[in-house]
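Visitor: Everything below, folded, please.
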Amino acid sequence: MGTPAIHSQSERPERTAPPGTGTRRTGQGTAGSQALWLERLTVTGFRNFAQSELRCDARPVVLLGGNGSGKTNLLEAISLLAPGRGLRRARLGDLNRRQPGNSPDHGGAWAVAARVNTTEGPRELGTGLDPANETGRERRLLKLDGEFVSSQQALGEVVSAVWVAPHMDRIFQESPASRRRFLDRLVYGFDPAHAGRIAAYEHAMRERARLLREQRGGPAWLGGLERTMAEKAVAIAAARRSLVARLSAACQETHGAFPAVGLALAGDAESWMDELPAVQVEERLLQSLANSRAQDAETGGAAHGAHRSDLAASDLERDMPAAFCSTGEQKALLLSLVMAHTRLLALERGSGPLLLLDEVAAHLDSDLRAALYDSILDLGVQAWMSGTDSALFSALGPKVQRFHLREGLVLREA
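Guide: Predicted coordinates:
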């Protein structure tokens with residue numbers, strides 16, 4: 001992938017703690033400059049950016065600009081430094097910069113590079129579209145400390161990122177798939193290997209569906225894929241169950257104006273694990289997959305497995321399922337859940353995740369907005385918040401750093 005040329009849009013910050021912030025607290029004591037924070041971000045040929053760079057200190061970041069200026073694009077670039085498909089789950093080729101008229105920019109494949117400070121010291125990360133790939137399939141390259149790595153798990157061992165974006169406003173009313181992806185992203189922060197299990201499970205499921213559709217492969221071949229699915233599904237279910245159990249306790253504590261959240265996890269393996277040991281759950285799931293081959297050949301999917309699990313949430317104080325709450329109430333529940341996860345991660349790993357909050361402040365009342373800001377500052381996490389109205393962030397004063405986006409340029413506010 002190489003290292004993109006650097007063109008600084010801002011002054012290099014001091015490596016010391018930002019002025020006026022003092023020592024910031026986490027659930028484990030002090031974080032300050034030892035918390036996870038992004039020091040430098042460089043994007044090349046990405047969305048509406050030809051090439052731009054941000055240099056930051058450990059304080060939260062506010063991205064300001066009009067609609068279409070690239071605020072969400074920058075948050076998406078950061079999200080690609082962590083395991084998964086990023087904030088928008090876009091195809092790799094769709095991330096390439098495009099010229100006016102929506103024609104592709106043939107100047108090269110997109111790339112994102114960053115210097116991230118962790119509890120163990122600074123690390124260099126990079127990712128981008130492979131420009132030399134000759135297979136015809138889009139391929140993503142990953143770099144860690146100057147060396148190519150083959151697994152996204154390597155990124156997850158360095159960076160954890162969680163986001164809340166406008167497209168998630170009704171996540172509790174959408175299909176279970178969006179809630180599963182959200183839950184799995186929370187799991188990545190505690191268990192980076194979870195990303196590899198998900199990838200292996202989905203690959204085996206796709207191959208099984210292809211063989212059933214084409215009526216190819218004997219029982220042994222299908223059985224091997226189903227064995228992989230069953231093994232990975234049980235491991236995935238165990239990781240989800242473990243996090244939901246811990247999060248349930250954390251979410252029942254209210255913080256400021258945030259509501260207390262109730263959580264429940266539903267699914268084949270998850271429910272069977274209430275009564276059976278993991279090895280028996282694996283065998284039961286394996287048998288269920290074998291029995292559903294004829295049905296799955298017609299539907300093109302799989303009637304059983306980790307891809308059918310779901311996360312349910314509720315407002316505990318009102319005893320109201322999240323799906324029945326208003327859009328604003330759902331946003332409050334989602335943020336309460338994210339901040340509970342951040343507190344838990346800071347307590348167990350000594351550092352919270354990078355928080356990517358796209359246009360969040362504009363859709364919160366003053367009490368919730370104040371509670372969100374207080375939580376971010378109290379935990380000492382580097383939150384990246386975007387918005388069009390600078391007044392919404394005025395209460396934060398010098399406790400945050402501000403960048404203005406305009407026509408593909410990123411300018412640091414003095």
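
Visitor: wait, W110 sits on R97?
Guide: Yes: if you go by CB atoms under 8 Å, W110 and R97 touch, sitting 6.7 Å apart. All C-beta spots, glycine's among them, are computed from the backbone N, C-alpha and C.

Visitor: what do these two both touch?
Guide: Here W110 and R97 have 45-47 as joint contacts, going by CB atoms under 8 Å, 6 or more residues apart in numbering.

Visitor: can you pick the most crowded of those residues?
Guide: F46 (26 neighbours; other CB atoms under 10 Å).

Visitor: so what's that residue bridging to?
Guide: F49, N96 (DSSP bridges).

Visitor: Which residue, other than its chain neighbours, is closest to F190?
Guide: L243 (6.2 Å; CB to CB, 6 or more residues apart in numbering).

Visitor: wait, isn't that neighbour in contact with R185?
Guide: No: look at L243 against R185 with CB under 8 Å: they stay out of range, at 10.7 Å.

Visitor: how long is stretch 381-393 from one end to the other?
Guide: Counting by CA to CA, to the nearest Å, you get 16 Å between the two ends of stretch 381-393.

Visitor: buried residues in it?
Guide: Neighbour counts using 16 or more other CB atoms under 10 Å place 381-387, 392-393 of stretch 381-393 among the buried residues.

Visitor: Ok, stretch 247-267 next?
Guide: In stretch 247-267, counting by 16+ other CB under 10 Å, buried: 247, 250-251, 255, 257-263, 265, 267.

Visitor: okay, that stretch in CSV with CA atoms only?
Guide: Only the C-alpha atoms of stretch 247-267 are listed here, as CSV (Å, rounded to 0.1, in the frame of the first residue of the first chain):
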residue,chain,number,x,y,z
LEU,A,247,-23.1,-4.8,29.8
SER,A,248,-26.5,-5.5,31.4
ALA,A,249,-25.1,-4.7,34.8
ALA,A,250,-23.3,-1.6,33.6
CYS,A,251,-26.4,-0.3,31.7
GLN,A,252,-28.6,-0.5,34.7
GLU,A,253,-26.7,2.3,36.3
THR,A,254,-28.0,5.7,35.2
HIS,A,255,-25.5,8.4,34.5
GLY,A,256,-26.8,11.9,34.3
ALA,A,257,-29.8,12.2,32.0
PHE,A,258,-29.0,8.9,30.2
PRO,A,259,-31.7,6.2,30.7
ALA,A,260,-31.0,2.8,32.3
VAL,A,261,-31.0,0.1,29.6
GLY,A,262,-32.2,-3.5,29.8
LEU,A,263,-30.5,-6.0,27.4
ALA,A,264,-31.5,-9.5,26.3
LEU,A,265,-29.8,-11.8,23.7
ALA,A,266,-31.8,-14.3,21.6
GLY,A,267,-30.6,-17.0,19.3
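
Visitor: what does it rub up against?
Guide: With CB under 8 Å, 6+ apart, stretch 247-267 has contacts from 183, 186, 237, 240-241, 244, 306, 308-317, 322, 329, 332-333, 335-337, 339-341, 343-344, 367-368, 370-371, 374-375.

Visitor: Just the strands from the stretch 151-300 of the chain, written as ranges.
Guide: 161-164, 261-266 (DSSP state E, counting those that start in this stretch).

Visitor: Output the ones you listed in CSV, with mean pLDDT and distance to P277 appended to each entry.
Guide: Converted to CSV, those look like this (pLDDT from 0 to 100; distance: least, CB to CB, whole Å):
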stretch, mean pLDDT, distance to P277
strand 161-164, 96, 32
strand 261-266, 96, 18
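
Visitor: just so I know, which of the ones you listed lies nearest E76?
Guide: strand 161-164 (8.9 Å; CB to CB).

Visitor: What pairs with that closest one, parallel or antiparallel?
Guide: Strand 161-164 is paired, per DSSP bridges, with strand 354-357 (parallel).

Visitor: Mind giving me the packing neighbours of the very next helix or strand once past the partner strand?
Guide: Using DSSP states H and E, the helix or strand that follows strand 354-357 towards the C-terminus is helix 366-379. When contacts are defined as 3 or more CB pairs under 8 Å, 6 or more residues apart in numbering; DSSP states H and E, helix 366-379 sits against strand 25-26, helix 327-349.

Visitor: who does the longest one touch, helix- and strand-wise?
Guide: For helix 327-349, the packing partners by 3+ CB pairs under 8 Å, 6+ apart come out as strand 161-164, helix 176-190, helix 219-251, strand 261-266, strand 310-315, helix 366-379.

Visitor: what angle sits between the fourth one and helix 327-349?
Guide: Put plainly, it is strand 261-266. With axes from the mean of the first three to the mean of the last three CA atoms, to 10 degrees defining the directions, strand 261-266 sits at 80 degrees from helix 327-349.

Visitor: Pairing partners for strand 261-266, with directions?
Guide: Strand pairing (DSSP bridges) places strand 261-266 next to strand 310-315 (antiparallel).
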